[in-house]
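# Quick one: sequence and predicted model below, then my questions.
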Amino acid sequence: MTFKFRALAVSAIAVPLVLTGCATSAGPALSSEPASPSPSATATAQAAFNQADVVFASGMIVHHQQAIMMSEMLLAKDDVDQGVAELAERIRAAQQPEIQTLEAMLAEWGADASEHAGMDHGGDSGMMSESDMALLEATPGPEASRLFLEQMIMHHEGAVEMSQTELTEGQNAEALEMAQRIIDDQSAEIAEMESLLAGL
């Protein structure tokens, strides 16, 4: 057999093998892994909400706004306990971004953020009455530190209660996540405030 003929014979054998290999590799890969949900399906699940979510978000906006107002009243005073002032700063810094997140949720749902704005919240979910707020504003620094802690403990307890209701009755994933974060953060702050109060 000549060299030229042997080369042709090898080529004739190799071509089907190459073609066979290409056909095999081009086939669809089989996988036992379940298909991931589409981005649109995930977004729809996250956007789902019910009336409990709306009540939680709109009510918590008002609740946080009052906590910020209480903190600012305290921080405007002289001779405030340093530990209490630092706590008030943290409360103000943490709750303003949460208000913005809650407002964004309501806007996404097409709900009215002012739904609870006109309600009298005195004694409701830890909210301070107008007379409570006036007392805090009028109380001088050293005494205001104690009053602020007493009022804010009640205020935080109300926020925890509202958040627990959301966990039981709510549906929206983002709202439920925030409710749990509020429970965790404000429960820790309640313990801190009780310790500060005992040390005054």
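Sure, I can see it. All of these numbers come straight from a predicted model, not from anything done at the bench.

# Where in this protein is the helix or strand with the lowest mean pLDDT?
Least confident helix or strand, the chain: helix 3-26 with a mean of 41, by mean pLDDT, DSSP states H and E.

# what residues are up against the spatially most central residue of the chain?
Most central in the chain under Cα atoms, centre = their mean is Met178, positioned 3.0 Å from the mean C-alpha point. Met178 makes contacts with 60, 98, 101-102, 163, as judged by Cβ atoms under 8 Å, 6 or more residues apart in numbering. (Glycine included, C-beta is placed from N, CA and C.)

# could you redo the last one with a cut-off of 7 Å?
98, 101 (Cβ atoms under 7 Å, 6 or more residues apart in numbering).

# Helix, strand, or coil at it?
helix (DSSP: H, G, I helix; E, B strand; the rest coil).

# what packs against whichever strand or helix holds Leu149?
Assigned by DSSP states H and E, Leu149 belongs to helix 141-169. Under the contact definition 3 or more Cβ pairs under 7 Å, 6 or more residues apart in numbering; DSSP states H and E, helix 141-169 sits against helix 51-75, helix 82-109, helix 130-138, helix 173-199.

# buried set for it?
Neighbour counts over helix 141-169 (16 or more other Cβ atoms under 10 Å) mark 141, 144-145, 147-149, 151-156, 158-160, 162-163, 165-166 as buried.

# That helix to helix 130-138, inter-axis angle?
Here the directions of helix 141-169 and helix 130-138 differ by 140 degrees (axes from the mean of the first three to the mean of the last three Cα atoms, to 10 degrees).

# pLDDT weak spots in the protein?
Within the chain, the stretches with pLDDT under 70 are 1-47, 113-124.

# repeat that for 80
For the chain, the stretches with pLDDT under 80 are 1-47, 112-124.

# Just list the residues touching Gln65, thanks.
By Cβ under 7 Å, 6+ apart, the contact list for Gln65 reads Ile99.

# How much space separates Leu196 from Leu87?
Counting by Cβ to Cβ, to the nearest Å, the gap from Leu196 to Leu87 is 7 Å.

# same thing with Ile183?
Distance, Ile183 to Leu87, using Cβ to Cβ: 18 Å.

# Which residue of these two possesses the greater neighbour count?
The neighbour comparison of Ile183 against Leu87 (other Cβ atoms under 10 Å) goes to Leu87, with 21 against 18.

# Now do that one against Met152, distance only.
8 Å.

# what is in contact with those two at once?
Residues touching both Leu87 and Met152 (Cβ under 7 Å, 6+ apart) are Met193.

# Could you pull up phi and psi at Gly126?
phi 80, psi 0 (degrees, to the nearest 10).

# In contact with the nearest residue to it once chain neighbours are set aside, which residues are there?
Excluding the flanking residues, the one nearest Gly126 by Cβ to Cβ, 6 or more residues apart in numbering is Gly158, at 2.1 Å. Residues in contact with Gly158, defined by Cβ under 7 Å, 6+ apart, are 63, 125-127.
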